[in-house]
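>>> 3D model of this:
(chains A, B, C, D, E and F)
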Number of protein chains: 6
Amino acid sequence: MNYEKIGYGAGSKDFREIPNILRAFLGKTELFIPTKKIYSIEANIDDSTPQILAGYFEKAFKLGALDVSLTPIVMKKNRLATKLTVLAESGKLDSLIRSIFEETNSIGVRFFPVERRVLERKWTKISVLGEDITVKTACLEGIEVNALPEYEDCKKVAKKNKMPVKKVYSMAQAEISRRK
Amino acid sequence: MNYEKIGYGAGSKDFREIPNILRAFLGKTELFIPTKKIYSIEANIDDSTPQILAGYFEKAFKLGALDVSLTPIVMKKNRLATKLTVLAESGKLDSLIRSIFEETNSIGVRFFPVERRVLERKWTKISVLGEDITVKTACLEGIEVNALPEYEDCKKVAKKNKMPVKKVYSMAQAEISRRK
Amino acid sequence: MNYEKIGYGAGSKDFREIPNILRAFLGKTELFIPTKKIYSIEANIDDSTPQILAGYFEKAFKLGALDVSLTPIVMKKNRLATKLTVLAESGKLDSLIRSIFEETNSIGVRFFPVERRVLERKWTKISVLGEDITVKTACLEGIEVNALPEYEDCKKVAKKNKMPVKKVYSMAQAEISRRK
Amino acid sequence: MNYEKIGYGAGSKDFREIPNILRAFLGKTELFIPTKKIYSIEANIDDSTPQILAGYFEKAFKLGALDVSLTPIVMKKNRLATKLTVLAESGKLDSLIRSIFEETNSIGVRFFPVERRVLERKWTKISVLGEDITVKTACLEGIEVNALPEYEDCKKVAKKNKMPVKKVYSMAQAEISRRK
Amino acid sequence: MNYEKIGYGAGSKDFREIPNILRAFLGKTELFIPTKKIYSIEANIDDSTPQILAGYFEKAFKLGALDVSLTPIVMKKNRLATKLTVLAESGKLDSLIRSIFEETNSIGVRFFPVERRVLERKWTKISVLGEDITVKTACLEGIEVNALPEYEDCKKVAKKNKMPVKKVYSMAQAEISRRK
Amino acid sequence: MNYEKIGYGAGSKDFREIPNILRAFLGKTELFIPTKKIYSIEANIDDSTPQILAGYFEKAFKLGALDVSLTPIVMKKNRLATKLTVLAESGKLDSLIRSIFEETNSIGVRFFPVERRVLERKWTKISVLGEDITVKTACLEGIEVNALPEYEDCKKVAKKNKMPVKKVYSMAQAEISRRK
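I've put the predicted structure just below:
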């Protein structure tokens, strides 16, 4: 749902315990249907080392994070610090926040809900140099918009054949294009 | 509206189709009046080239994006990747998300509503080296807080006069200050 | 509160002035209790110098900002610009937005509510080289997860003793560990 | 030439005006033959706006710069500033340094010689959707290591056919692979 | 001196202690006369906190560094680390390298000579709101290319007059332009 | 060797094949003795994906690179590109440059010699939670300036004991401090 205005009205009787102003997001439903509600968790960190923050990736993914990223930021007192961002479904929110406190030196995080649209994905196989490589095909309303070879598969084939990953990736792309 | 607490209560009868917990944002209205509701759309991308991502700017602005930016981020597996951020009004949300899927290799985006406060702007003209330069004046509650020459105009005058843009920009600033 | 679905229903009579679609965030309350509602204010700025933006930190903290940070971003026309981010409680929102307009060349900001979880903190003292150093201890559900010496205190002791701050910091860490 | 040691000896009579210590880079010539000597010019800038610095690209390329780039850096006093880097042949050094002074607010630059190895390049044409697209092929010791379609050509074909650039680029890659 | 070629010849007798290959930088002297030889010292650091690295600025400037900067970099194992760069004259090289080892966790630095061209600078005074503000004027071959008010002076005047620094800076720029 | 001036003189007879201007770096030998001569290899890349560039780390280290890093840079046409930097001894220079051409889409690199000072290192063992952890001690002129537990060892002990790496690291630091 997209909204154009935000209205404020007197809340219904049902909200006795809370003040009687309610924020309502209004809008018209569009073709676009959000399919997932997730959270973005963020922490600005200036007292952990890059080693410690990098080490947190593994932990976060193990706890179910959908995505983890680090952004360089400048904080007060000339500090070239790091913003840690973790995307997660609501059920993972608590354990992920807890893990940030346990694994980094952060003592405060912020988080907010975001809607997420993910393309439908299909996984198929192609053969490159006699080896299987997975192809991730993404469709938007039934039409393929993306078909990419999996990097890790290309890497394995590249190692086995002592070739650059770039070359195997490119051969896989050609094979995908030929297949159509 | 700024809120101080978030309350939870039993939903009214009107919400039969949905569970009966409602999140209500409470607060008092302040002087500050939000004038626009927009969306921030974000995608973390590690499989598109800088060429492709840079090329997306033109497309996004054509589709009505209010702002587009790229932020360097570190994703898993040592990838120095890019966060693409697009600001847009709700009516443009669907077509912009679609375009991200079509134009980049992203297969998942997230988005969330943000409120936007923009200063009132007035456009006037000044003359520098015999040429018109547009001045964008921004007012906060009727008081001018900003009056800046348009960069593109200064560039044109600079080219015509074979002068550094910096110099023309600086002459324009002086002219603006003189005018007051 | 974490939510799993977002439902839309017909609004109650109480919302006469606004359309009758209401966005309700649904979910189950978890152990995790959000304690603060704050705002994240953001502005993409391509026409202020680094000097001016750096100078804004002092102003923002004076006006009650909880945190201020700068992120390098790429905007249109090849500009390596800056995203200014200010975290603040709702009561400070107006004055901080106003100050961004007054102190930088920004003429538009966006903001959105975020929930914040901050660990309980206790401040104690340890003695290093005969000087007091404050230790900030952070607890998660009563269990200490962090105990860090204050950087500024270590810096003072380091100066007095003509030692590297790193060394004093490390001595303080050892003292904290011994104390337990 | 790669060197393993740096020796110092008494300079010959020919260096009367200068002290008699000479730094000699020693090493053995390798297969690898450097083909170009160029300079890297750098300036740390904290008092120019992103607009001005972005505008410098056009000027620098007009003056013969081989490459121009901007790097986000943190300078003293919390400034998220920019390092401007320009690569140029020695004959262009003076005019480029002069232009940095004229076009930006920089008042000091540093520069140093670098050796440059560039692959041999060949330009050929392929046909995609009935349009010509240039292919840049790079060879290392006679063996092709890279064959990439020109981004700008793909963009033109994409516009003409109202397709994503990504798609045309990918079609061009497939065509290159087929051609072999 | 700019060089076009690098030649290798048999070294003269004077270099007995060292192998007999000498690298000679050749070129023609140009109008441009380098006036300072300095060093760029760099260290890639992934095990110090932003606090510690930021704290190093003060130390480095006290030891005579000409410039200090931090650049975000990605090192192995997903680490969003920092490159510390210090510019210094040769006489300061040893004490600065030593201080990097003492004040940060770095255990290895690299350095290389760079030539530096700095514009001639003159300092004059202008009056803004009844206060003196220093103007730094930079000249290229006798022609003024830059005349900027000192940020710190503007800040003082701004504080005294409870005005934004931006406004005072802009008044100073107008005054400079009027003066000419 | 640090130099204060760069002199130019007529080259000796020994340089027949090359022009007769010689650049001589002059200076006085200082306490500080450079122990290693290495090269910094750099490439600005705007047509490879983050996946491909991240994948290059493994290859580069296998070929003997001393350090590899990625820096976000802005190139022409709005591209948020990447500077790849590889540090290597001269003997590895050729194979590393070759591998950049083979493994990334780069078709041009630059490189220059840098001197490197590395502290003497000693490796010892401490015991934390009954497990060995390696301590890397770095000495400057015989005096210990750094003693840090190896991150990877702490990680192993942390996993075995289901504790945060941060906690084990901190216990190791305390043990190091106790040992002295």
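
>>> which parts of stretch A:106-124 are buried?
Across stretch A:106-124, burial judged by 16 or more other CB atoms under 10 Å in any protein chain shown covers A:Ser106, A:Ile107, A:Gly108, A:Val109, A:Arg110, A:Phe111, A:Pro113, A:Val114, A:Glu115, A:Arg116, A:Arg117, A:Leu119. From N, CA and C alone the C-beta is placed, and that goes for glycine too.

>>> That stretch near chain D at all?
No: Stretch A:106-124 stays clear of chain D (CB under 8 Å from any CB of the partner chain), getting no nearer than 14.0 Å.

>>> ok, back up a step: which single one of the buried residues of stretch A:106-124 is nearest to E:Ser48?
A:Ser106 (17.4 Å; CB to CB).

>>> Give me every residue in chain A lying close to chain E.
A:45-51, A:53-54, A:57, A:70, A:72, A:75, A:77-82.

>>> what about 6 Å?
Within chain A, the residues that sit near chain E (CB under 6 Å from any CB of the partner chain) are A:46-47, A:49-51, A:54, A:57, A:70, A:72, A:77-82.

>>> and the nearest residue to A:Lys160 once chain neighbours are set aside, how many residues sit next to it?
Nearest non-adjacent residue to A:Lys160, counting by CB to CB, 6 or more residues apart in numbering or on different chains: A:Glu131, 6.8 Å away. Residues within reach of A:Glu131, counting by other CB atoms under 10 Å in any protein chain shown, total 17.

>>> wait, doesn't A:Glu131 sit right on A:Ala158?
No: counting by CB atoms under 6 Å, A:Glu131 does not reach A:Ala158; the two are 9.9 Å apart.

>>> Please settle this for me: is A:Lys156 part of a strand?
No: read with DSSP: H, G, I helix; E, B strand; the rest coil, A:Lys156 is helix and lies in no strand.

>>> which one is it nearest to, not counting chain neighbours?
Using CB to CB, 6+ apart and skipping the chain neighbours, the partner closest in space to A:Lys156 is A:Glu131 (7.4 Å).

>>> And the nearest residue to A:Val86 once chain neighbours are set aside, which helix or strand is it part of?
Spatial nearest neighbour of A:Val86, chain neighbours left out: A:Ile41 (4.4 Å); criterion: CB to CB, 6+ apart. For A:Ile41, the host element (DSSP states H and E) is strand A:36-45.

>>> by how many degrees do the very next helix or strand once past that strand and strand A:36-45 diverge?
For strand A:36-45, the following helix or strand on the C-terminal side (DSSP H and E) is helix A:50-62. Angle, helix A:50-62 to strand A:36-45, by axes from the mean of the first three to the mean of the last three CA atoms, to 10 degrees: 160 degrees.

>>> so, in contact with chain B or not, helix A:50-62?
Yes: Helix A:50-62 reaches chain B (CB under 6 Å from any CB) through A:Phe57.

>>> Next, see if that helix gets close to chain F.
Yes: residues of helix A:50-62 contacting chain F under CB under 6 Å from any CB: A:Gln51, A:Ile52, A:Gly55.

>>> ok, the first one - how many residues close by?
Right, A:Gln51. 24.
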